[in-house]
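Participant: model this:
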Amino acid sequence: MDYANNDGQDIASICLLAGKIILQNGGETYRVEDTMVRIAEAYGVANAYSYVTPTGIIFALDGAAQSTRLVRISERSTNLKKVTLVNDISRRICQGSLQRHEAYKQLQDIEQAKDDYPAWLKVLVAAVASGCFLIMFRGSWNDFLPVALASGIGFLCLLTLHRIMPITFFASFLSAVISGSLAVLMVWLGIGHNLDKIIIGSIMPLVPGLHITNAVRDLMAGHLVSGLSKGAEAFLIAFAIGAGIAFVLSVYP
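Facilitator: Numbers count the residues shown, from 1 in each chain. Below is the predicted model of the structure:
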């Protein structure tokens, strides 16, 4: 089936923008491919093909001239609110209640929106969550404040280092060193008591939980390349965290 050139380009642009937003903000690979194909089908394209990896998207409409497009993904973060908004737009498109120009405009608004949570709120949540992990691991309430301080400062360093250096491995390593050093310092000062539980709780916000989850889900969905690459990334981050704590414990026995 042949599509008018402008129609094909418009549909491809909508599909690629939707997939790009999902992939950049923590969505799974199979979700990206499924969303793009469903949008194309809703706009009358029976045969659409997509190939997605964590660093790029290839999309083509069967029968449309010059329809094959490539988008490079260089930055990825976690913002599941944007993923949810794109999923909502996709459902409305499939229901036939959203025209092409309206869908593209709304997707652009989502991509450009600066609705990320402020750094102070992320640090506060990370600190409280670490304290809760401490209690879950049968730690003492007396160590709640030390683990919250160590985690909060370490997570703040992670956010700062991510802006300075794009290499996640080194940012995770240095953040783990800072959290571990603060945990050792507070135990040495007598503020904290159980060093093991404090260290475990303080590094929990650094653990790549979303990467691991997405890797497993992609592997289960048959996306072996994406699943293995995300799993390798999660392993490197986990290794960096472990290396940072091992460094601290070797320096401060």
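Participant: doesn't Gly26 make contact with Ser77?
Facilitator: Yes. Because the distance of 7.1 Å satisfies Cβ atoms under 8 Å, Ser77 is recorded as touching Gly26. C-beta coordinates here come from the backbone N, C-alpha and C atoms, glycine included.
Participant: and these two? which has more neighbours close in?
Facilitator: Under the criterion of other Cβ atoms under 10 Å, the comparison of Ser77 against Gly26 puts Gly26 first, with 17 against 10.
Participant: Is the more buried one in a helix, a strand, or coil?
Facilitator: For Gly26, the assignment made with DSSP: H, G, I helix; E, B strand; the rest coil gives coil.
Participant: How about it, nearest residue that isn't a chain neighbour?
Facilitator: Leaving aside its sequence neighbours, Gly26 sits nearest to Thr78 (Cβ to Cβ, 6 or more residues apart in numbering; 4.2 Å).
Participant: Also Val225?
Facilitator: Distance criterion Cβ to Cβ, 6+ apart; nearest residue to Val225, sequence neighbours excluded, is Thr53 at 6.0 Å.
Participant: same deal with Leu219?
Facilitator: The spatial neighbour of Leu219 that comes closest, neighbours along the chain excluded (Cβ to Cβ, 6+ apart), is Gly227 at 3.5 Å.
Participant: rewinding a little: what bridges to the residue nearest to Val225?
Facilitator: Per DSSP bridges, the residues bridged to Thr53 are Gly56.
Participant: Do I have it right that it meets Ser229?
Facilitator: Yes. Contact status for Thr53 versus Ser229: in contact at 6.9 Å, counting by Cβ under 8 Å.
Participant: returning to what we had before: settle this for me: the residue nearest to Leu219 is touching Val216, isn't it.
Facilitator: Yes. In this structure, Gly227 is within contact of Val216 by Cβ under 8 Å, at 7.3 Å.
Participant: where along the protein do the helices fall?
Facilitator: 5-24, 29-42, 80-94, 100-112, 119-136, 144-164, 168-188, 195-203, 209-220, 224-251 (DSSP state H).
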